[in-house]
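Novice: Sequence and predicted structure below; questions after.
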Amino acid sequence: MSDPLPERQIDTARLPLMLSALRLPSIGRHWDKFAARADREGWGAARYLATLCEHELADRTSRRIARHLAEADLPRGKTFATFDFAAVPTVRKAHLMAFGSGDPWLEQGANILCFGPSGTGKTHAAAAIGHALVEAGRRVFFVRTTDLVQKLQAAHRDLSLPALLTRLDRFDCLILDDLGYARKDQAETAVLFELIAERYERRSLIVTCNQPFSEWNSIFPNAAMTVAAIDRLVHHATILEFNTESYRKRTAAAQAAA
């Protein structure tokens, strides 16, 4: 009769199954490699276990960031690394990048309002903040305001608007791009006010708009709702002015000159 398998071999065979059951895929991939290194270098049990845990935590962080970036639907390539700060002298680089940490403005449910003509970098700046927030562990959702209004309207018709607002509430920050293109004569934008009121002082918004507040009466159904929406957005808000020449226009002119 053959001898039973050594206990070490039995443990080695069972370990991948146990790690899979415990949902520790990174440790499952690396434990044998680090076990061999620990034997060679004389690591203690604490160092070996700590090394495996560090890799598991790092991989979980990477997977979480990748998952949150996918759900955020941020424009590709619009990060701080690609933002031309020199082209927007009205916005300080350090000030803008500080928003990427998320503290403390997200904790206060504060907002960021970006104003300026089309093509001046508002969307890029908002998306760059969004990317940085996701890297910092926050959940973000980027959407064109007109698209979101349509979804809110559909939910309102189906009597499911509260449920949709609850789903949106899981995001630390909503980025509403091009709010100025929402028009009360094109759609019932009262649902947009519902969103703003629901997130007031609890969850943050980043809004980009090419219209000053004085022209927002074209967005909301009536003057009272316009005033109320502005009041809620401005309270606890930072306003960024992008009053420069259009970046797209400058780029086109440079290409034409070349």
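Specialist: Alright, I've got the coordinates. Quick caveat, the model's predicted, so the values are computed rather than measured. Residues are numbered from 1 along each chain as shown.

Novice: Where does the record place the domain boundaries for the protein?
Specialist: Residue ranges for the domains of the chain, per automatic domain parsing: 7-71, 75-257.

Novice: Now do the first one: distance to the chain's middle.
Specialist: Remark: domain 7-71 is offset 29 Å from the chain centroid, using C-alpha atoms, centre = their mean, to the nearest Å.

Novice: quick one on the thing from earlier: out of the domains of the chain, which is the most enclosed?
Specialist: domain 75-257 (a mean of 17; mean count of other C-beta atoms under 10 Å). C-beta coordinates here come from the backbone N, C-alpha and C atoms, glycine included.

Novice: mean confidence for that domain?
Specialist: When pLDDT is averaged over domain 75-257, the result is 92.

Novice: start to end distance for stretch 37-48?
Specialist: 9 Å (C-alpha to C-alpha, to the nearest Å).

Novice: Nearest the geometric middle of the chain, what residue?
Specialist: Val140 (2.7 Å; C-alpha atoms, centre = their mean).

Novice: mind listing the strands for this structure?
Specialist: Remark: strands assigned in the chain by DSSP state E are 111-115, 140-144, 173-177, 204-209, 237-241.

Novice: Take the ones you listed and write them to TSV, including distance to Cys53.
Specialist: Shown next, in TSV, are the strands of the chain (distance: least, C-beta to C-beta, whole Å):
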stretch	distance to Cys53
strand 111-115	37
strand 140-144	28
strand 173-177	30
strand 204-209	33
strand 237-241	39
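
Novice: wait, which of those is closest to Val88?
Specialist: strand 237-241 (9.0 Å; C-beta to C-beta).

Novice: Right, I'll call it a day here.
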